[in-house]
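# Need coordinates for the following:
(chains A, B, C and D)
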Number of protein chains: 2
Amino acid sequence: MGTTKSEIFTDRQNELAVLLKAIAHPARIAILQHIMAANACICGDLVDELGLAQATISQHLKELKNAGIIQGTIEGVKVCYCIEPKTWKLLQTQLADLFGAYQGQNTCC
Amino acid sequence: MGTTKSEIFTDRQNELAVLLKAIAHPARIAILQHIMAANACICGDLVDELGLAQATISQHLKELKNAGIIQGTIEGVKVCYCIEPKTWKLLQTQLADLFGAYQGQNTCC
DNA sequence: ATTATTAATCGTAATATTGCGATATAATAA
DNA sequence: TTATTATATCGCAATATTACGATTAATAAT
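Numbering: from 1, shown residues only, chains lettered A, B, ... in the order given. Got it, this is the predicted structure:
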């Protein structure tokens, strides 16, 4: 055990869960906000801004990259990270669907 | 280690991360969709619908409840779960802010 | 009172996550 | 070549998550 039983859920449910998991960490939220504010970003900046070790931030960036949420291009010695628009919009759409299912008032409770 | 360093992030970042974490699992997404579709819900239904053990679903429900996303009221022998509108709207607002920060095109990458 | 029925909790095993120091890699600069 | 700088990866320890069988607690039905 310890592993999610993905087989029993729909592709959409699994996909959304993976994307949400990727952003469900304050450090990764902070990273995304930083990237969006700068409309570009360099890892070194984050090590100064956030109070986490370089190895830790690199790992968080990797997770965001694995989920397809950000993209990194080598810019000389540095690496420039930015939002991957396709995935970002996909997440937005999937969330809109999820929230859209809410009818407001409940009959029970 | 193994614990998130919440102290170094803002309250909003931590709050959003907690809410996202709560819904970042396919089973919990399925549960929320089920609750919203029925506009009410009973745990037993979920055990039949989803292919997870009763203990597992109860645990997922507890996590959603802990995060304040759902609310459960005892209805005789059964328990009726439903969305907690306040938290649900809060999450929606926080996400709108996060996505609102995205400027679209990037200057780099 | 006894027996279902429903859901919560306990205990446990397997696996995942978080964070960091140390080290490796890669590109530039001296 | 030899530093220097920037980022990635490795290895590890601490903790968290996922899942489930077994048990418990509480109400309802017989």
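# With adjacent residues omitted, what lies nearest to A:Leu64?
A:Ile70 (4.5 Å; CB to CB, 6 or more residues apart in numbering or on different chains). C-beta coordinates here come from the backbone N, C-alpha and C atoms, glycine included.
# check contacts around the spatially most central residue of chain A.
Centroid check for chain A by CA atoms, centre = their mean gives A:Ile23 as the closest residue, at 3.5 Å. The neighbours of A:Ile23, taking CB atoms under 8 Å, 6 or more residues apart in numbering or on different chains as the test, are A:29, A:32, A:64, A:69, A:91, B:20.
# Next, the distance between the ends of stretch A:47-63.
Its start and end residues considered, stretch A:47-63 measures 16 Å (CA to CA, to the nearest Å).
# That one and chain B in contact?
Yes: applying CB under 8 Å from any CB of the partner chain, one finds that stretch A:47-63 is in contact with chain B at A:50-52.
# Could you point out the helix or strand that follows the worst-scoring helix or strand of chain A on mean pLDDT?
Least confident helix or strand, chain A: helix A:43-49 with a mean of 87, by mean pLDDT, DSSP states H and E. Where DSSP states H and E defines the elements, the next helix or strand beyond helix A:43-49 is helix A:54-66.
# and that next one, which residues are buried?
Under the neighbour-count criterion of 16 or more other CB atoms under 10 Å in any protein chain shown, helix A:54-66 has A:57, A:60-61, A:63-64 buried.
# distance of A:Lys5 from B:Pro26?
The gap separating A:Lys5 from B:Pro26 is 8 Å, by CB to CB, to the nearest Å.
# hang on, A:Glu63 packs against A:Ile31?
No: the pair A:Glu63 and A:Ile31 fails to qualify as a contact (CB atoms under 8 Å) at a distance of 9.8 Å.
# low-confidence ranges in chain A?
In the prediction, chain A carries residues with pLDDT under 70 at positions A:105-109.
# 50 instead?
By pLDDT under 50, chain A has no low-scoring segment.
# Contacts only, for the nearest residue to A:Val18 once chain neighbours are set aside.
In space, and not counting its chain neighbours, A:Val18 is closest to A:Ala67: 6.1 Å by CB to CB, 6+ apart. Taking CB under 8 Å, 6+ apart as the criterion, A:Ala67 is in contact with A:18-19, A:21-22, A:87.
# from the residues you listed, which is closest to B:Gly76?
Set against B:Gly76, the nearest of those by CB to CB is A:Lys21 (36.1 Å).
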